[in-house]
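Student: mind folding the following:
(one chain, ligands or ions: 1)
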Amino acid sequence: GVMGEIMGISDLEVKLRDKLGINYVVISKNVNGTEDMIAEGVAKCAAKYILKNLGPHDKVAIAGGTTMRRIAENLVKDKDNEEGFEDVILMPTRGSVGSEIEIQANSIAALAAKNLGAGVEFLYVPDELDGSARETLMSIPDVRRTLDHLRVSDKVVFSIGRADMMARRRGMSEEDIKALTDKGAIGEAFGYYFDKNGEIVMKLNTVGIDIEMYKNAKDAIVVFAGSEKVESFLALYKLNKNLTLIVDEESAKEILNRI
Ligand code: F6P
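Tutor: Numbers count the residues shown, from 1 in each chain. Purely as a prediction, here's the structure:
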């Protein structure tokens, strides 16, 4: 729209932050690129934001997915960044063993830790578990320690997905996907499927971060590229306004047009 054309990125960032009522917004400028280039631009902005704001003793939870993978790849300290991150701890937001290895939260946390020279803790727990198996795994000392640290995380870095797409990625049957969307699910983040008001309609029986831990994080950072996720974001941000948004320019303008 006209507004977007006359506003610079930084004006747009401030305006979007104020209208959403969240902490901070970073917009990655679209350079008429492919979807891939736009996703890479957003990931670079996110990596830069994290490097700039990372405290020497921070506990950082990072989610799974292709967006987080790209961020982890870009978390490389530059030469004049003398800050030591050896006391920083990276953790996956949840157990994700069973999904594609490259985009499992555990592998992404490991890659981010390696790039930063930081420590890492894991949640080697399958994605979906019931009852007693879940209780047993949650009592393993290493898993408990990670969960304790997730409860006091300084940063939670995550993306969002469309409910139907995430359900499909996780191998849900078409019938169950329909049941899920019939309940109003439009978005997904850390195993929670929510409707347009940010109400949770279904959750995975996973081990990891829950809504309380998410709300308690000192700095929650949601990162996404591509306007097909705008709808999910508009639902998600209502859950917790203690939030930083890192997004591409086109999606940023679309959000602004819709609030
Ligand atoms: O499955 C992990 C997860 O972080 C989801 O919670 C989220 O919806 C999705 O990945 C995002 O995936 P991508 O970055 O590939 O779009």
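
Student: burial of Gly184, as a residue count?
Tutor: By other Cβ atoms under 10 Å, 15 other residues sit near Gly184. Glycine gets a C-beta too; all of them are placed from N, C-alpha and C.

Student: OK, contacts around it?
Tutor: Gly184 is in contact with 195-196, 199, 201, counting by Cβ atoms under 8 Å, 6 or more residues apart in numbering.

Student: now Val120. Nearest residue, chain neighbours left out?
Tutor: Closest residue to Val120 apart from its sequence neighbours, by Cβ to Cβ, 6 or more residues apart in numbering: Ala113 at 3.8 Å.

Student: equivalent analysis for Gly84, please.
Tutor: Pro56 (6.6 Å).

Student: next, the one you found: phi, psi?
Tutor: Dihedral pair for Pro56: phi -70, psi -20, per degrees, to the nearest 10.

Student: is it true that Leu137 touches Val207?
Tutor: Yes. Counting by Cβ atoms under 8 Å, Leu137 touches Val207, with 6.4 Å between them.

Student: hey, where'd the strands end up in the stretch 151-259 of the chain?
Tutor: 155-158, 161-162, 187-189, 192-194, 200-203, 219-224, 243-248 (DSSP state E, counting those that start in this stretch).

Student: now do the buried residues in the fifth one.
Tutor: Pointing back at strand 200-203 there. 201-202 (16 or more other Cβ atoms under 10 Å).

Student: other SSEs contacting it?
Tutor: Applying 3 or more Cβ pairs under 8 Å, 6 or more residues apart in numbering; DSSP states H and E, one finds that strand 200-203 contacts strand 192-194.

Student: if we can go back for a sec, most widely separated two among the contacts of Gly184?
Tutor: Pairwise distances across these peak at 10.4 Å for Lys196 and Val201 (criterion: Cβ to Cβ).

Student: and the helices in the protein, which stretches?
Tutor: Assigned by DSSP state H, the chain shows helices spanning 2-6, 9-20, 35-53, 66-74, 105-116, 131-138, 141-151, 163-169, 174-182, 211-216, 230-236, 249-258.

Student: what is the nearest of the contacts of Gly184 to Gly41?
Tutor: Lys196 (27.8 Å).

Student: dump the residue contacts of the closest one.
Tutor: Lys196 neighbours (Cβ under 8 Å, 6+ apart): 184, 186, 231, 234-235.

Student: make TSV out of the strands of the stretch 151-259 of the chain and add distance to the ligand and mean pLDDT.
Tutor: Formatted as TSV, these follow (distance: least, Cβ to the nearest ligand atom, whole Å; pLDDT from 0 to 100):
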stretch	distance to the ligand	mean pLDDT
strand 155-158	6	98
strand 161-162	3	96
strand 187-189	4	96
strand 192-194	8	95
strand 200-203	11	94
strand 219-224	7	98
strand 243-248	12	98
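
Student: so which bits of the stretch 51-200 of the chain are right by the ligand?
Tutor: 63-67, 158-161, 166, 188-190 (Cβ under 6 Å from any ligand atom).

Student: least confident secondary structure element in this structure?
Tutor: Lowest by mean pLDDT, DSSP states H and E among the helices and strands of the chain is helix 2-6, with a mean of 52.

Student: ok, Ile9 touching Ile27?
Tutor: Yes. The pair Ile9 and Ile27 qualifies as a contact (Cβ under 8 Å) at a distance of 5.1 Å.

Student: ok, the two, which is more surrounded?
Tutor: Ile27 (23 against 14).

Student: quick one: contacts for that one?
Tutor: 9, 12-13, 16, 45, 246-249, 252.

Student: what's the burial count for Glu212?
Tutor: Neighbours of Glu212 using other Cβ under 10 Å come to 8.
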